[in-house]
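# below is the structure, and that's it, no one-letter string:
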């Protein structure tokens, strides 16, 4: 094959400059798509990493906070164990009650500033995700499945459950054939 025939073969439409340009444009488009996907993956990775770091910072104290709410509940129990305020009560008891109340208010305020909050679920529907049923009892005032009383509140850290509320749940109205003595003992 001589050089004239080779030049004619190179100039054919399949291997000509236009075909080469199309081939390079296709390769460029492929590279652009790969780059865009890679860039999107990097943005997703950055966002996920930031979210995980924020969560780690926000919830790093979760175990400590769970222990601290025990102290708040103990302050509440200390107040409940004192006799109710009466006219002419012993001054020492009155000052002790005031001191514990003041300490409890201050302590709850500190917890709230750090994202720890308590909610009293009394009267709300029972939710196994936020409540721990400690007892069930009949109640004519509350429909079945309603929290009658909370022994402890539900505690949350920045909206995430820290400790479920210990509650008493209604069984609904007592059966009609139950004797009156059974109704009052429930």
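Nice, thanks for sending it over. The structure presented is a predicted model; accordingly, all values stated were derived computationally and were not measured.
# show me which helix or strand of the chain is least confident by mean pLDDT.
Each helix and strand of the chain was given a mean pLDDT (mean pLDDT, DSSP states H and E); the minimum falls on helix 3-10 at a mean of 46.
# next helix or strand past that helix?
Following helix 3-10 in sequence order, the next helix or strand is helix 17-59 (DSSP states H and E).
# quick check, pLDDT for the residue positioned nearest the centre of the chain.
Centroid-nearest residue in the chain, with Cα atoms, centre = their mean: residue 160, separated by 2.3 Å. pLDDT recorded at residue 160 is 91.
# identify the bridge partners of it.
As for beta bridges, residue 160 partners with residue 157 under DSSP bridges.
# distance of it relative to residue 61?
Using Cβ to Cβ, to the nearest Å, we find residue 160 at a distance of 12 Å from residue 61. To be clear about C-beta, it is placed using only N, CA and C from the backbone, and glycine gets the same treatment.
# check residue 27 too.
Distance from residue 27 to residue 61, by Cβ to Cβ: 53 Å.
# between the two, who's got more neighbours?
Neighbour totals were compared for residue 27 and residue 61, and residue 61 leads with 16 against 10 (other Cβ atoms under 10 Å).
# the more buried one contacts residue 162, doesn't it?
No: applying Cβ atoms under 8 Å as the test, residue 61 and residue 162 come out as separate, 10.1 Å apart.
# so, low pLDDT: which residues of the chain?
Counting by pLDDT under 70, the chain contains low-confidence ranges at 1-14, 178-186.
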